[in-house]
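Visitor: what would the 3D arrangement of this be:
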Amino acid sequence: MWVRKRLDIGWGDLAWAAGRCLVPDLDGGASRRTETAWSPDGDALFCLSVRSGFDLLLTALDLPRGSEVLMSAITVPGMVRVAEAHGLVPVPVDLDPESAAADPASLARALSPASRLLVAAHLFGARPPLDPLLEALAASEHGRGLMVVEDCAQAWTPGYRGDARAAVSMFSFGLIKTATALGGALLAVRRPDLAERMRAAAERWPPQRRRVVFAKTAKAAAFKALSARPPYALITGLAAAAGRDHDLLVNRLAKGFPGPGFLERIRHRPASPLAALAARRLGRYDPGRLARRAAAGAALAAALPPPVSRPGRAAPHATYWVFPVLSDDPERTRRALARAGFDATRGDSLIVVEPPAGRPELEPVRARDLLLRTVYAPLYPELPRSALERMAAALAADASAAGAPAADPPRTAAVPPAEA
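Guide: The predicted model follows:
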């Protein structure tokens, strides 16, 4: 059984992180060093998570209660919770299924006199351009001058720091992200006055405890060990024998801030071992690994027949952080992939932003349909050519069995060799 996701971190980095938890940070400057290494321009802010950074942004902006925050209609629950904690009203902007980006026409409908902020999320490892959204804002009386924030949590690539036209671009290095540092986020804040207010707000938060980082390191080591094929097959087999769905357990363990007290958990300054690990990962990350993953994703996509549809298939700069496919029966597709030896998941980390009361015309119909029908197939550099070909065949057979139009057999995927 090929596990749904392998952590993008090596044993050497995990051992280094565990050791770093035992070494005191004498000058307390680990976060600043990470920021400087990522952006010599001085516009970087290192936070505990993207949600923490968003919380700091809203604190610094101090918007009037009832102000509207327009958001890509699919996001993580924490972003909505943070906005609501500040007395703001999240407003969904429906998605274009072809690009999985916020749709400009939906944005134009969502704008109102209360609009103050647009949070545009880049989903599934793709990076669609901001131009259509910026043009929609410029064409609207209520959109001119609106602050734009990029949520690039799923779209980090080496050297990329976001679109310079966005006031803030946010990147995550959480447990299952590319170049994971087991947590942490880097924000490019392009207004110096705003960055200083955010930094001042962060200084009022308590520091994260080193033992929390050590626990995250131990958790990641356990995930990494169990993601090898034999132990993972044993786990899934035992869960099935007990009548339990291992999908729920794995998704729960992968959450960044599980349990109650969400706001209290995100409102901490990062511990120095976390910041130091982020700097190490950024400085040593092999871009070839990301290139191999992107090439494997592109080859798998090319091998799928037309009945197999993918959200975001038209988005440029795809790195295939995940490989989503659409199904009229996601559980059937999950089972079909499992029979072929692939652990797919429907995921539970994303939600659809609900429209505000009294504005039913903003119901994000396409985003809701997309999220209900999405299945995430395994995709990472360790998957060999033969496995990708088998997965393409399984997805094609599943689509055909569902009554889709007959399709040609999947083409052989030109996949780079498996990573050593």
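
Visitor: alpha carbons only for contacts and neighbour counts from here, please
Guide: Will do.

Visitor: just the strands in the stretch 301-420 of the chain please.
Guide: With DSSP state E, counting those that start in this stretch, the ranges of strands along the stretch 301-420 of the chain come out as 323-326, 351-352, 374-377.

Visitor: kindly report the same for the stretch 51-200 of the chain.
Guide: Assigned by DSSP E, counting those that start in this stretch, the stretch 51-200 of the chain shows strands spanning 68-72, 74-75, 89-93, 95-96, 101-102, 115-121, 147-151, 168-172, 185-189.

Visitor: elements contacting the fourth one?
Guide: Looking back up the chat, that one is strand 95-96. In terms of contacts (3 or more CA pairs under 8 Å, 6 or more residues apart in numbering; DSSP states H and E), strand 95-96 is packed against strand 101-102, helix 365-373.

Visitor: those: which one's closest to S112?
Guide: strand 101-102 (16.8 Å; CA to CA).

Visitor: quick check: closest non-adjacent residue to the residue nearest the centre of the chain.
Guide: By CA atoms, centre = their mean, the chain has its centre lying nearest to Q154, at 3.2 Å. Residue nearest to Q154 in three dimensions, not counting chain neighbours: G125, with 5.1 Å by CA to CA, 6 or more residues apart in numbering.

Visitor: count the neighbours of that neighbour for me.
Guide: Neighbours of G125 under the rule other CA atoms under 10 Å: 25.

Visitor: do A188 as well
Guide: Residues near A188, counting by other CA under 10 Å: 27.

Visitor: same thing with D41?
Guide: Here the count is done by other CA under 10 Å, and D41 has 11 residues near it.

Visitor: tell me the phi and psi of it?
Guide: Per-residue torsions, D41: phi -70, psi -10 (degrees, to the nearest 10).

Visitor: contacts only, for D94.
Guide: S72, A73, A102, D103, S106, L107, L362, E363, P364, V365, R366, A367 (CA atoms under 8 Å, 6 or more residues apart in numbering).

Visitor: I meant to write L107 there.
Guide: Counting by CA under 8 Å, 6+ apart, L107 has contacts L70, V93, D94, L133, A136, L137.

Visitor: if you set the cut-off to 6 Å instead, what comes out?
Guide: Contacts for L107 (CA atoms under 6 Å, 6 or more residues apart in numbering) come out as V93.

Visitor: low-confidence ranges in this structure?
Guide: For the chain, the stretches with pLDDT under 70 are 26-27, 233, 237-241, 243-259, 403-420.

Visitor: what sits opposite the residue nearest to R368 when sequence neighbours are not counted in the beta ladder?
Guide: For R368, ignoring the flanking residues on the chain, the nearest one in space by CA to CA, 6+ apart is V352 at 6.1 Å. Legend: beta-bridge partners of V352 under DSSP bridges are I74.

Visitor: so V352 versus G312, what's the distance?
Guide: 16 Å (CA to CA, to the nearest Å).

Visitor: cool, and A344?
Guide: 18 Å.

Visitor: also R390?
Guide: Taking CA to CA as the measure, R390 falls 23 Å from G312.

Visitor: same question, P355
Guide: Distance, P355 to G312, using CA to CA: 23 Å.

Visitor: please apply the same query to A279.
Guide: Distance, A279 to G312, using CA to CA: 31 Å.

Visitor: so between the two, which is more surrounded?
Guide: G312 (25 against 21).

Visitor: what are the buried residues along stretch 342-352?
Guide: Residues of stretch 342-352 classed as buried: F342, D343, A344, T345, R346, I351, V352 (neighbour count, 16 or more other CA atoms under 10 Å).

Visitor: how about the helices in the stretch 151-300 of the chain?
Guide: Applying DSSP state H, counting those that start in this stretch to the stretch 151-300 of the chain gives helices spanning 192-203, 210-226, 229-241, 246-253, 262-266, 272-284, 287-303.

Visitor: reformat the ones you listed as a markdown table; add distance to R33.
Guide: A markdown table is the format used below for the helices of the stretch 151-300 of the chain (distance: least, CA to CA, whole Å):
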| stretch | distance to R33 |
| --- | --- |
| helix 192-203 | 15 |
| helix 210-226 | 18 |
| helix 229-241 | 38 |
| helix 246-253 | 30 |
| helix 262-266 | 21 |
| helix 272-284 | 8 |
| helix 287-303 | 22 |
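
Visitor: neighbours around the spatially closest residue to T319 that is not a sequence neighbour, how many?
Guide: Spatially, and ignoring its direct neighbours in sequence, T319 is nearest to A294 (4.7 Å; CA to CA, 6+ apart). The number of residues packed near A294 is 22, by other CA under 10 Å.

Visitor: pretty sure A294 contacts W321?
Guide: No - counting by CA atoms under 6 Å, A294 does not reach W321; the two are 8.3 Å apart.

Visitor: excluding its backbone neighbours, what's nearest L57?
Guide: Per CA to CA, 6+ apart, closest to L57 is M198, 6.0 Å.

Visitor: wait, isn't the one you found in contact with F54?
Guide: No - judged on CA under 6 Å, M198 makes no contact with F54 at a distance of 9.6 Å.

Visitor: return the most buried member of the helices of the stretch 151-300 of the chain.
Guide: Greatest average neighbour count among the helices of the stretch 151-300 of the chain goes to helix 272-284 (a mean of 22), per mean count of other CA atoms under 10 Å.

Visitor: can I get the CA coordinates of stretch 202-212 in PDB?
Guide: Provided in PDB are the C-alpha atoms of stretch 202-212 (Å, rounded to 0.1, in the frame of the first residue of the first chain):
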ATOM      1  CA  ALA A 202       3.500  39.200  18.200                       C
ATOM      2  CA  GLU A 203       5.800  40.400  21.000                       C
ATOM      3  CA  ARG A 204       2.800  40.400  23.400                       C
ATOM      4  CA  TRP A 205       2.300  36.700  22.800                       C
ATOM      5  CA  PRO A 206       4.000  34.000  25.000                       C
ATOM      6  CA  PRO A 207       6.800  32.000  23.400                       C
ATOM      7  CA  GLN A 208       6.100  28.400  22.200                       C
ATOM      8  CA  ARG A 209       7.700  25.900  24.500                       C
ATOM      9  CA  ARG A 210      10.700  23.800  23.300                       C
ATOM     10  CA  ARG A 211       9.000  20.600  24.400                       C
ATOM     11  CA  VAL A 212       6.200  21.300  21.900                       C
END
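
Visitor: need the residues that contact it.
Guide: C21, H268, R269, P270, A271.

Visitor: in stretch 28-46, what counts as buried?
Guide: 30-39, 42-46.

Visitor: pull the most distant pair out of these.
Guide: Spanning the widest gap among those are A30 and D43, at 16.1 Å by CA to CA.
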